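Q: sequence plus predicted model, see below.
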Amino acid sequence: MLLAELERKFIRPLPVSDKLQLIADITKMLQQEEEHPEKYFERGVSYPVMTPTVTPDDTSYKAAFQLQQLWEENDNT
């Protein structure tokens with residue numbers, strides 16, 4: 001089942017309190033993975049990491065770009 005389908009069918013209809021509990025449970029799961037990465041990752045295997053690019057013309061990241069500009073201005077002063 002795709003993540004989008006899980007969200008649409010199961011997560012979106014949940015009350016806010018259940019969504020917050022789900023976030024807490026996922027956070028705990030991620031912390032456990034970080035404590036024992038050997039249980040979840042194989043040596044020598046490359047795992048891609050997707051990060052957003054921040055460019056002046058990318059409107060979906062306009063706020064992030066503006067924040068980045070402010071930080072860079074402060075670093076240069």
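A: Structure's in. What do you need?

Q: and the longest helix seen in the chain, how far out from the chain middle?
A: Assignment by DSSP state H gives helix 16-35 as the longest helix of the chain. Centroid separation for helix 16-35 versus its chain: 13 Å, with C-alpha atoms, centre = their mean, to the nearest Å.

Q: how about stretch 65-72?
A: Centroid separation for stretch 65-72 versus its chain: 20 Å, with C-alpha atoms, centre = their mean.

Q: tell me the helix or strand right after the longest helix of the chain.
A: Where DSSP states H and E defines the elements, the next helix or strand beyond helix 16-35 is helix 62-76.

Q: residues near residue 29, how many?
A: When neighbours are counted by other C-beta atoms under 10 Å, residue 29 registers 10. C-beta here means a position set from N, CA and C on the backbone, and glycine is covered the same way.

Q: swap in residue 76?
A: Here the number of neighbours of residue 76 (other C-beta under 10 Å) works out to 6.

Q: distance check, residue 18 against residue 24.
A: 11 Å (C-beta to C-beta, to the nearest Å).

Q: which parts of the longest helix of the chain are buried?
A: Going by neighbour count (16 or more other C-beta atoms under 10 Å), nothing in helix 16-35 comes out as buried.
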